[in-house]
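> Turn this into a model:
(one chain, ligands or ions: 1)
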Amino acid sequence: MPPNPRVVNLTVGLGNVFEGSDPPPCSHTLRQLFLLFLQVHGSEDISTKTIHEFTMRTAILFSALVPSAFAAIPFLNEPDTGFNIEVVPTGQLPTLSDIKAIPDFEAAARHFMNVSDYSYYRTGAGGEFAYRRSLEIFSQVKLRPRTLIDVTNISLNTTILGYDFTAPFFIAPAALAGLTHPRAELNLAEAAGAENILYAPSLSATMKIEEIAAVAVPGQVMFHQLYVSRNKTKLASDVKRIEAAGFKGIFVTVDNPIEGSRTRESRYGWPLTTDSDPKFTWESYRQLRNMTLLPIIPKGIQSVEDALLAIQHGAPGIYLSNHGARQLDTSQSPLEVAIEIHENAPEVFKKTFVFADGGVRYGTDILKFLALGVKAVGLGRPFMYSNLFGKEGVQHLIDLMKEELVIDASNLGVADLKQLDTKWLNMGRLLAFVYRLDKS
Ligand SMILES: Cc1cc2nc3c(=O)[nH]c(=O)nc-3n(C[C@H](O)[C@H](O)[C@H](O)COP(=O)(O)O)c2cc1C
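The predicted structure follows:
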């Protein structure tokens, strides 16, 4: 018997609806389900009511099945794009020109670094569920390209808190760059200077605050990360040193009242690199702001409530981050935080400058953050891995990302990055993956 065209249309349509799930349930399965449904109901009638009932039941069925299907997909350190690190002799790096995309740097690092040092960079907290989600969530967010748009003049130039840079991405603060290169943070600062992108060294850097500042090229703007020390004399001294060395802004880390439980790293006896004050509150944030004229941006905002509190307490910017998922496992990914804010208090993106990082590896990842209203997007681990190749490696990463961004923006049909908004994203599908706050 030829298939009933109405059944075919309906099931193909439903296939599209559920295509956001991964793997997509195919139209064939849906057709079988629908035929089964008709059989159970003992009816040949395909009325609107029957279709409606079938749709509702199938939706319920798939909403139960899809998350488990998704969870069953094994995590890939890097998607397979044909980079064969196995041909490189053990203990050697590939040639830099073989690094064609940002994830290649991590494959090279895992191959080259000793397991203890690699584990320090790579570690997430707990079972690393948040680490994996921060990376995987981007592939669940779909782009909606527009066509027939002149994209010949895309500029990546951007302004961050009044300072001009050549790209809307930056080098996020990460401790101990010396594990990858003897010149440690100096390479990162120099590459950022040569390319005119923002770099914010960590307070737990291998090099001293002043040593990093000394390699800045004339006019180069850098921010600095700050942990709020329990020792108030040290805290005052840290702030003064950052200011005196010429840094133009401070990211104060607020997502680590105490260090996270980092299982992978703990196997190798890594000591704590911070002495964060667990008593640090919004009131102390106000006091900290009185210690300097530099803008102090809370780094590690993970909810719409805290984004609003930061604005209430006069923060000149906020930084959405879960510390590379190193603090609290199963904390929502920063992309989800951006969505949460966009859904519940979109004015945040207008009232304050929003930075974000976490799992960013592709040009499209950056475009998704920008579409939600984030203005500057950070990368942590990739830059640390790129430092294995020295300053040249860091610059190679920056060039790759700039190139990808232009290519991706062109194919998305965005002539000007400032035009990006959620119309370029499939928001409906996206919201199916995030926790939506109860507005009642
Ligand atoms: C090895 C390592 C060290 C880090 N050290 C710091 C730090 O000292 N201060 C801080 O605020 N964040 C630190 N972070 C978090 C980064 O600033 C950033 O939030 C995170 O790496 C972004 O995620 P990504 O690695 O997926 O890009 C560190 C991250 C890594 C991987």
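
> where does this protein come near the ligand, residue by residue?
121, 134, 172-175, 202, 204, 225, 253, 299, 321, 323-324, 357-360, 379-381, 384 (C-beta under 6 Å from any ligand atom). The way it works is simple: take the backbone N, C-alpha and C, and place the C-beta from them, glycine included.

> same thing but 5 Å
Listed as neighbours of the ligand in the chain under the rule C-beta under 5 Å from any ligand atom: 121, 172-175, 202, 204, 225, 253, 321, 323-324, 357-359, 379-381.

> Going through the residues you listed, which ones are buried?
121, 172-175, 202, 225, 253, 321, 323-324, 357-359, 379-381 (16 or more other C-beta atoms under 10 Å).

> how about the helices of the stretch 1-150 of the chain, start to end?
5-17, 27-40, 48-71, 102-112, 115-122, 129-140 (DSSP state H, counting those that start in this stretch).

> What of the stretch 151-300 of the chain?
184-195, 209-214, 232-244, 263-266, 282-289.

> highest average neighbour count across those?
helix 184-195 (a mean of 23; mean count of other C-beta atoms under 10 Å).

> quick one: average pLDDT of it?
Confidence for helix 184-195, expressed as mean pLDDT, is 98.

> Outside of it itself, which residues are in contact with it?
Residues outside helix 184-195 that contact it (C-beta atoms under 8 Å, 6 or more residues apart in numbering): 166-167, 170-171, 176-178, 181, 198-199, 201-202, 205-207, 211-212, 215-217, 220, 222, 383, 387, 390-391, 393-395, 398-399, 402.

> Not counting residues beside it along the chain, what's closest to the residue nearest the centre of the chain?
Central residue check for the chain by C-alpha atoms, centre = their mean: the C-alpha nearest the mean position is that of G358, 2.8 Å away. Using C-beta to C-beta, 6 or more residues apart in numbering and skipping the chain neighbours, the partner closest in space to G358 is P334 (3.8 Å).

> quick one: that neighbour and V354 touch, right?
No: in this structure P334 lies outside contact range of V354 using C-beta atoms under 8 Å: 10.4 Å.

> which residues are in contact with both of those two?
The overlap between the contact sets of P334 and V354 (C-beta under 8 Å, 6+ apart) consists of L320.

> the more surrounded of these two?
P334 (30 against 25; other C-beta atoms under 10 Å).

> Against N153, how distant is the more buried one?
Using C-beta to C-beta, to the nearest Å, P334 is found at 30 Å from N153.

> wait, what's in contact with whichever residue of the chain sits closest to the ligand?
Distances between the chain and the ligand by C-beta to the nearest ligand atom are smallest at G380, namely 2.0 Å. Applying C-beta under 8 Å, 6+ apart to G380 gives the contacts A172, P173, A174, G324, D357.

> just to revisit the earlier point, the helices of the stretch 151-300 of the chain: lowest mean pLDDT?
Among the helices of the stretch 151-300 of the chain, helix 263-266 scores lowest, at a mean of 91.

> that older thread, mark which of the residues of the chain next to the ligand are part of strands, please.
Among the residues of the chain next to the ligand, the members found in strands (DSSP state E) are Q225, T253, D357, L379.

> Could you list the domains of this structure?
5-71, 86-431 (automatic domain parsing).

> N77 is nearest to which of the ones you listed?
Between N77 and the domains of the chain, the shortest separation by C-beta to C-beta is 6.7 Å, and it involves domain 86-431.

> can you put the contacts of G380 in a markdown table and add pLDDT?
Formatted as a markdown table, those follow (pLDDT from 0 to 100):
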| residue | pLDDT |
| --- | --- |
| A172 | 98 |
| P173 | 98 |
| A174 | 98 |
| G324 | 98 |
| D357 | 98 |
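
> From L367, how far off is S321?
19 Å.

> Kindly apply the preceding question to L76 instead.
22 Å.

> same thing with S276?
Distance from S276 to L367, by C-beta to C-beta: 33 Å.

> Tell me which of the two has more neighbours.
Neighbour count, other C-beta under 10 Å: between S276 and L367, L367 has more, with 23 against 18.

> surely that one meets L420?
Yes: applying C-beta under 8 Å, one finds L367 in contact with L420, separated by 6.5 Å.

> Please enumerate the shared neighbours of those two.
Counting by C-beta under 8 Å, 6+ apart, the shared contacts of L367 and L420 are V414.
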